[in-house]
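Student: model this:
(one chain, ligands or ions: 1)
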Amino acid sequence: MVHTLDQKKIEEELNQKRINQVEPFISNDDIESVVSYLKSGGWVTEHNVSRNFEEQIASYVNRKYGIVVPNGTIAIYLSLLALGVGPGKKVAVPNLTMIATINAILWTGAKPLLVDVDKDLCMSYEKLIDQKNLHTVIFVPLNGRGGDGKKIETWCKKNNINLLEDSAHALGSNYSHKACGALGDISVLSFTPHKIITTGQGGMILLDNNKYKNLINDLKLFNRRKDKSDWHKGYGLNFKFTDLQSSLGLSQFNKINKFVKHKKQIEQEYLKLINNGNIKVLKFKEIEVPWFFDIVVSTKKRKEQLIDYLNSKNIETRNCYPALSKQKYLKNVSKTNLDYSEKMFGKLLWLPSSNNLSKKDVKIISEYISNFKDNE
Ligand SMILES: Cc1ncc(COP(=O)(O)O)c(C=O)c1O
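Tutor: Okay, here's the model as predicted:
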């Protein structure tokens, strides 16, 4: 038995407090930033504060341009359109990712191809390179892990295949050769409340190519003529952001180093404190930032028991995304052999991961997990 805290005290505290799997971290400087923007007389919609937000993030990941949009799903969609993805085009997508990645492909009318993941839970390089007639690959640094992103980037370049990086989870993380957010032709970020930084909802497209940038801005801004009249060069929609959200994004981004440090410290605590033969805490590399802390439980049944047990202690967890191949509406999508992703997703569980977690929270969670015995 691992028992370093007084059990009764723990129970008392948890009766008052639920530990959420995720929550946004909002501090006074965020509030001040938004209030000060509102007092500035700005028109609230997208303008100069958004330009500043785009420039700061682009420079952080070493991209030339950033384009803010209402969310990460739209960011993927517009990026795919800029790359020429549409009906008849084949787009590789990892079998373990959030649903938005594949739905954005379907939105363009293109044909997804599900590719298995490797031990880092990212797209398998070995399985990808056997595929033919690919127009575009979407690589997802899932949970902040870089996997074989670098090798896949080199392979795509050599074979003249577009590479889109869905870096929704990975702001602050790195590959061995560059930052997440800078891989391939275009990258996207998401700023929902559980992401490294949040604007409530929000997304950003990061890129270096001026032609793609202009195409995306045309689609995003009604394809308005340069003179800002109501004459239009062609078809376009409205995917503008707001300066109100960007003012929050900027103050959140000011804390990025603190968030990254905190995430890494929490990972070390979980690794040190969780001690249960049926549970493995997955490690990250030094250059990576854990977004969610993932554990692998020996069987799906044990995992479900653990979820219920932690829930009864007021601790919320989250199942890893189901493999896309298991979603009924995607059953006719083409696929590689998907053995690893289909075997793994049922055993993967995400522990509380927010930037609000204290060391003490982690100690409590880890103790429960270490002492957990299943009913078998
Ligand atoms: C990997 C991945 N891609 C895309 C998205 C979509 O982003 P959004 O929710 O901002 O539309 C998410 C959202 O969590 C995600 O996890």
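
Student: ok, V260 - contacts?
Tutor: 172, 196, 289 (CB atoms under 8 Å, 6 or more residues apart in numbering). C-beta: built from backbone N, CA, C; applies to glycine.

Student: So which of these is the closest to the ligand?
Tutor: I196 (11.6 Å; CB to the nearest ligand atom).

Student: can you list the residues of the protein near the ligand?
Tutor: Contact residues (CB under 6 Å from any ligand atom) of the chain with the ligand: 71-73, 97-98, 100-101, 140, 166, 168-169, 190, 192, 203.

Student: Just the ones of those in helices?
Tutor: In this view, the residues of the chain next to the ligand that belong to helices under DSSP state H are 72-73, 100-101.

Student: Kindly give a single ChimeraX line that selects the buried subset of those residues.
Tutor: Applied in ChimeraX, the following selects the buried portion of those according to 16 or more other CB atoms under 10 Å:
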select :72,73,100,101
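
Student: Switch the ones in helices among the residues of the chain next to the ligand over to CSV; also include distance to L250.
Tutor: Shown next, in CSV, are these (distance: CB to CB, whole Å):
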residue, distance to L250
G72, 18
T73, 23
A100, 24
T101, 27
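
Student: Now render the ones in helices among the residues of the chain next to the ligand as a markdown table, adding pLDDT.
Tutor: Listed next are these as a markdown table, based on pLDDT from 0 to 100:
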| residue | pLDDT |
| --- | --- |
| G72 | 98 |
| T73 | 98 |
| A100 | 98 |
| T101 | 98 |
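
Student: from the ones in helices among the residues of the chain next to the ligand, which is closest to the ligand?
Tutor: Closest to the ligand, out of all of those and judged by CB to the nearest ligand atom, is G72, at 2.5 Å.

Student: Can you get me a residue count around the residue of the stretch 201-350 of the chain found nearest the ligand?
Tutor: Nearest residue of the stretch 201-350 of the chain to the ligand: G203, at 5.0 Å (CB to the nearest ligand atom). Neighbours of G203 under the rule other CB atoms under 10 Å: 28.

Student: my guess is it meets V69, correct?
Tutor: Yes: the pair G203 / V69 is scored as a contact, 4.8 Å apart, by CB atoms under 8 Å.

Student: any shared contact partners between those two?
Tutor: Contacts common to G203 and V69, judged by CB under 8 Å, 6+ apart, are A75.

Student: mind listing the helices in the stretch 1-150 of the chain by residue range?
Tutor: Secondary structure of the stretch 1-150 of the chain (DSSP state H, counting those that start in this stretch): helices located at 7-16, 28-39, 48-61, 72-82, 99-108, 125-128, 149-158.

Student: avg pLDDT for the second one?
Tutor: Throughout helix 28-39, pLDDT has a mean value of 98.

Student: I'd like the numbering to begin with 527 instead of 1 from here.
Tutor: Okay, using 527 as the starting number, the last item reads as helix 554-565.

Student: So what touches that helix?
Tutor: Residues contacting helix 554-565 (CB under 8 Å, 6+ apart): 570, 575, 769-770, 773-774, 776-778, 780-781.

Student: can you list those residues in CSV and add neighbour count?
Tutor: Below are the contacts of helix 554-565 laid out as CSV (neighbours: other CB atoms under 10 Å):
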residue, neighbour count
V570, 13
V575, 24
D769, 25
L770, 20
S773, 26
L774, 26
L776, 23
S777, 21
Q778, 24
N780, 14
K781, 18
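
Student: Of these, which pair is most distant in space?
Tutor: Among the contacts of helix 554-565, the pair separated by the greatest distance (CB to CB) is V570 and K781, at 23.3 Å.

Student: circling back to that earlier point, of the residues of the chain next to the ligand, which is the nearest to L864?
Tutor: Closest to L864 out of those is T623 (12.7 Å), distances taken as CB to CB.

Student: Could you give the number of residues near that closest one?
Tutor: If you count neighbours by other CB under 10 Å, T623 ends up with 25.

Student: Setting the sequence-adjacent residues aside, check what's closest to N546.
Tutor: Take N546 and drop its neighbours on the chain: the residue closest to it by CB to CB, 6 or more residues apart in numbering is E842, 5.2 Å away.

Student: same check, this time on N863
Tutor: In space, N863 is closest to D642, 6.1 Å off (CB to CB, 6+ apart).

Student: correct me, but that neighbour touches N621?
Tutor: Yes: when contacts are counted by CB under 8 Å, D642 is listed as touching N621 (5.7 Å).

Student: what number of residues lie near I631?
Tutor: 26.

Student: Report the spatially nearest residue to N801, omitting neighbours in sequence.
Tutor: Leaving out its chain neighbours, N801 is closest to S896 (CB to CB, 6+ apart), at 4.6 Å.

Student: which SS state does the one you found fall under?
Tutor: On the three-state scheme (DSSP: H, G, I helix; E, B strand; the rest coil), S896 is labelled helix.

Student: Quick check, pLDDT for it.
Tutor: S896 is given a pLDDT of 97.

Student: Strands of the protein, residue ranges please.
Tutor: 591-595, 616-620, 637-641, 662-665, 688-692, 712-716, 729-733, 805-807, 819-823, 844-845, 860-861, 874-877 (DSSP state E).
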